[in-house]
Structure formats: C-alpha cells, structure tokens
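Undergrad: Below are the sequence and a predicted model; questions follow.
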Amino acid sequence: MQESINMEKVVFKTLKRISALINAEWCSLFMYRQRNGIPELASRLFNVHKDSTLEECLVTSDGEIVFPLDIGVLGHVAQTKRTINIQNALECQHFSTFVDELTQSTTKNILATPIMNGKDMVAVIMAVNKIGGPFFTSADENLFLKYLNFASLNLKIYHLSYLH
Ligand SMILES: Nc1nc2c(ncn2[C@@H]2O[C@@H]3COP(=O)(O)O[C@H]3[C@H]2O)c(=O)[nH]1
C-alpha cells in the first residue's frame, strides 16, 4: 500500500512537470494488469496538468476506466510496446472515442509510451492534446521520454513489489 502511494506521488509529480514542459492539456497513467488471465489497462492517474493536485487526479478503484488491449491507442501501445506520436487522433485507426464520450472531452493528439520492466508490461503513460500547437513535436517526444525515466524507475520498483 505504502509503495503504491509513493509510486503515484512520484509519477504524478513527473507528469505535472511533463505537462508544463511539453504543453500538454492532460497526462495520464494506466496500469497494466491481468484479471482472470485477461490483460487490461486501468486508469490510475487521469487529467494531470501543471496546476492539478494528486487528489484530483488519483483514480479510485470504483472510478477506474478499464481498457482491454485490443481497444484504443492505449491498447495498441501495450501490444506493440512502442512509443507513438499521433498527430491527428481522428485519423488514427486505433483511436477510441470511448473516453471522450465518457468525459465529454475532445482528444486531438496523443503522445504515448509503454513502461516496461524487462519484457514485462507495467503501464502506459499518455500526454493528450498539445496546447498552442497542432501536435506534439519530436522535441516534445524527447522531453517526454527523458522525464519519464524518473517515473519509470519508480514504476518498476512498484511492479516488483506487486509481483512478490
Ligand atoms: N480527458 C482525458 N482523456 C484521456 C486522458 N488520458 C487518456 N485519455 C483518453 O483515453 C483514451 C483511451 O483510448 P485511446 O488511447 O484511443 O485515446 C485516449 C484518450 O482519448 C486524460 O488524462 N484526460
């Protein structure tokens, strides 16, 4: 439990910093897990932006958004295990409007990356909507990945404690 709170705190701080640096409207953390042998991704931190508080963004278990791996850019990233920079979400065949409909928001562009522990999938991190520009640039992508190194280490430690 303690490891979990610390993990979320560290990832939250990193996502806040990232959203300010790359001008993202929101950043989020989806944790990978298996339920009855079926892999899924569940929202843990949602709508993180430069001025948000942990309490606002921490998703409780009854408020989780859960995605199977065959849906969304989210699922695609978990399956391919690769970073993706989607300039126009509506033109992306993997994009799912499910969350936009649920939250009454509009996704225009997405930068997303998997967090791996060796070969094990741990989480997917997303930045949604570039503010003040048409899409996330490759410089944004580099900053996003560089800052995620901090969060990634913490997520790996969390993942190890979850396994044991
Ligand atoms: N409003 C909002 N939407 C998000 C956030 N993170 C991810 N999403 C949306 O969740 C969706 C999950 O499916 P997709 O990956 O296709 O597209 C993703 C985005 O539209 C967030 O922090 N805020």
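TA: It's in.
Undergrad: going forward, measure contacts and count neighbours with C-alpha atoms only.
TA: Will do.
Undergrad: Could I get the full set of strands for this structure?
TA: 24-35, 38-48, 66-68, 84-86, 110-117, 120-130 (DSSP state E).
Undergrad: can I get the ones you listed in a markdown table with mean neighbour count?
TA: Putting those into a markdown table (neighbours: other Cα atoms under 10 Å) gives the following:
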| stretch | mean neighbour count |
| --- | --- |
| strand 24-35 | 21 |
| strand 38-48 | 20 |
| strand 66-68 | 17 |
| strand 84-86 | 19 |
| strand 110-117 | 23 |
| strand 120-130 | 23 |
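Undergrad: Could you dump those into a markdown table with distance to the ligand and mean pLDDT added?
TA: As requested, the strands of the chain are arranged in a markdown table below (distance: least, Cα to the nearest ligand atom, whole Å; pLDDT from 0 to 100):
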| stretch | distance to the ligand | mean pLDDT |
| --- | --- | --- |
| strand 24-35 | 4 | 96 |
| strand 38-48 | 3 | 97 |
| strand 66-68 | 8 | 96 |
| strand 84-86 | 10 | 98 |
| strand 110-117 | 7 | 96 |
| strand 120-130 | 6 | 97 |
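Undergrad: closest one to residue 104 among those?
TA: strand 38-48 (12.6 Å; Cα to Cα).
Undergrad: which strands and helices sit next to the closest one?
TA: helix 2-22, strand 24-35, helix 54-57, strand 66-68 (3 or more Cα pairs under 8 Å, 6 or more residues apart in numbering; DSSP states H and E).
Undergrad: strand partners of the second one, parallel vs antiparallel please.
TA: What that stands for is strand 24-35. strand 38-48 (antiparallel), strand 120-130 (antiparallel) (DSSP bridges).
Undergrad: That'll do, ta.
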